[in-house]
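In: Sequence unavailable; structure follows:
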């Protein structure tokens, strides 16, 4: 390690970093709760899997619509103010969802939930990438992914404690949303400034720079949001109890919460591209094994490792984003990631729900396996053509 890198590590604003991670983690608790909660409620109402998937897709649609405006909103409103405002509006939206029990009324409300959540993720990830030195990027972004994933895991886990009936589960989410804004207010003076150097870059311009990174984010989003939204349908078709399904979802998310730091360390040692390929192939293996072990004890370690590998795809893409871009392009890249994540969610859930309706519950692992296989083939094709990294960038 050079003297310069040691100096940069000593200057890492750990307090600001802790505030950023805490903010988005609390937000993740609320989001992790809403997906399975609303799926359980719709399943009890006899809603078709396709419609459940369409309802779940409204949140990533909100991500898609809000993404292009985030760079300009951040410059105009200020990052901290925008984060506080979004947390308050998200809490109000969840109150409105709790007051209604109609799948069609939930469509625009779930859209707004994604619309208000998206800027917080873009802001937090841009902050972290801007202040993290290259020598520690893998571990720190792995830590970020792990802690945020822990927040997602607490969401469905809380359903086992408060149930899926009435106001109690909604109150958990509402309090979490409000707590997010309070944390930002508490640490706002320590927050880093958003980077504004370099030429302004649109999301379309970033797509031309890094299409494979965006496809990787799309894959990770389609995988995670589809499984969280429709695993209840898959388990119900096999006669599994709601409590067991919720616990398996928690185990899936806990896997990436506990192993992302290890994957980040692997990226520092082996390169983020090789580690991404490993994550994609491991995710594909999980799809193939799921039907074989669902009713047996190996399902628990399987979903644990499956969760780590599938979300690791996103972590590797995030690490590469920080390796390759800075300034205005970094903000555009994070907004592009949010857009790709939204598209992955909005395509994945309805397509998988339709597959379940057409061929039965095994449409879930089949659909997830196909998208993983597509990304794996793209990565392997690049290796065969002798390219040194994603989109031709050196690892």
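Out: Perfect, I can see it now. All figures in this text were calculated on a predicted structure; none of them were measured in a lab. Residues are numbered from 1 along each chain as shown.

In: What count of nearby residues applies to the closest residue to residue 325 other than its chain neighbours?
Out: Spatially, and ignoring its direct neighbours in sequence, residue 325 is nearest to residue 333 (5.2 Å; Cβ to Cβ, 6 or more residues apart in numbering). For the C-beta atoms, the positions are set from N, CA and C on the backbone; glycine is no exception. By other Cβ atoms under 10 Å, the residues close to residue 333 number 30.

In: where's residue 333 relative to residue 83, distance?
Out: Applying Cβ to Cβ, to the nearest Å, the value for residue 333 to residue 83 is 19 Å.

In: separation between the residue nearest to residue 325 and residue 205?
Out: Going from residue 333 to residue 205 by Cβ to Cβ gives 10 Å.

In: Check residue 256 too.
Out: Look at residue 256 and residue 205: by Cβ to Cβ, they are 31 Å apart.

In: secondary structure element for the closest residue to residue 36 other than its chain neighbours?
Out: Once flanking residues are discounted, residue 36 sits nearest to residue 156: 4.7 Å by Cβ to Cβ, 6+ apart. Take DSSP states H and E as the rule and residue 156 turns out to sit in helix 137-162.

In: next helix or strand past that helix?
Out: helix 168-187.

In: State the mean pLDDT of that next one.
Out: Averaged across helix 168-187, pLDDT comes to 82.

In: Now do the buried residues in that helix.
Out: Buried residues in helix 168-187, defined by neighbour count with 16 or more other Cβ atoms under 10 Å: 169-170, 172-174, 176-181, 183-184, 187.

In: If you count contacts, what does the helix or strand just after it end up packed against?
Out: Following helix 168-187 in sequence order, the next helix or strand is helix 203-209 (DSSP H and E). The contact analysis (3 or more Cβ pairs under 8 Å, 6 or more residues apart in numbering; DSSP states H and E) places helix 203-209 against helix 327-359.

In: Now do the helix or strand that comes right after the helix it packs on against helix 327-359: the angle between them, please.
Out: Under the assignment DSSP H and E, the closest C-terminal helix or strand after helix 327-359 is helix 363-384. Helix 363-384 runs at 140 degrees relative to helix 327-359, counting by axes from the mean of the first three to the mean of the last three Cα atoms, to 10 degrees.

In: Relative to residue 304, how far out is residue 341?
Out: For residue 341, the distance to residue 304 (Cβ to Cβ) stands at 23 Å.

In: Of those two, which one has the most company?
Out: Ranked by neighbour count (other Cβ under 10 Å), residue 341 and residue 304 place residue 341 first, with 26 against 19.

In: Spit out the contact partners of the more buried one.
Out: Contacts for residue 341 (Cβ atoms under 8 Å, 6 or more residues apart in numbering) come out as 60, 63, 217-218, 220-221, 314.

In: how many other residues sit next to residue 95?
Out: 16.

In: what sits against it?
Out: 170, 174.

In: could you redo the last one with a cut-off of 7 Å?
Out: The contact partners of residue 95, taken as Cβ atoms under 7 Å, 6 or more residues apart in numbering, are residue 174.

In: separation between it and residue 175?
Out: Using Cβ to Cβ, residue 95 is found at 11 Å from residue 175.

In: shaky segments in this protein?
Out: 1-13, 153, 190-202, 386-395 (pLDDT under 70).

In: how about stretch 348-360: buried residues?
Out: For stretch 348-360, by 16+ other Cβ under 10 Å, it's 348-356.

In: contact partners of that stretch?
Out: By Cβ under 7 Å, 6+ apart, stretch 348-360 touches 48-50, 52-54, 56-57, 221-222, 225-226, 229-230, 233, 363-364, 366-367.

In: let's see 10 Å
Out: Residues outside stretch 348-360 that contact it (Cβ atoms under 10 Å, 6 or more residues apart in numbering) are 35, 39, 48-60, 218-219, 221-230, 233-234, 237, 361-368, 370-371.

In: Tell me which of these fall in helices.
Out: With helices defined by DSSP state H, the entries of those inside them are 35, 39, 49-60, 218-219, 221-230, 233-234, 237, 363-368, 370-371.

In: from the residues you listed, which would you call buried?
Out: Looks like the ones in helices among the contacts of stretch 348-360 have 35, 39, 49-60, 218-219, 221-230, 233-234, 363-368, 371 buried, using 16+ other Cβ under 10 Å.
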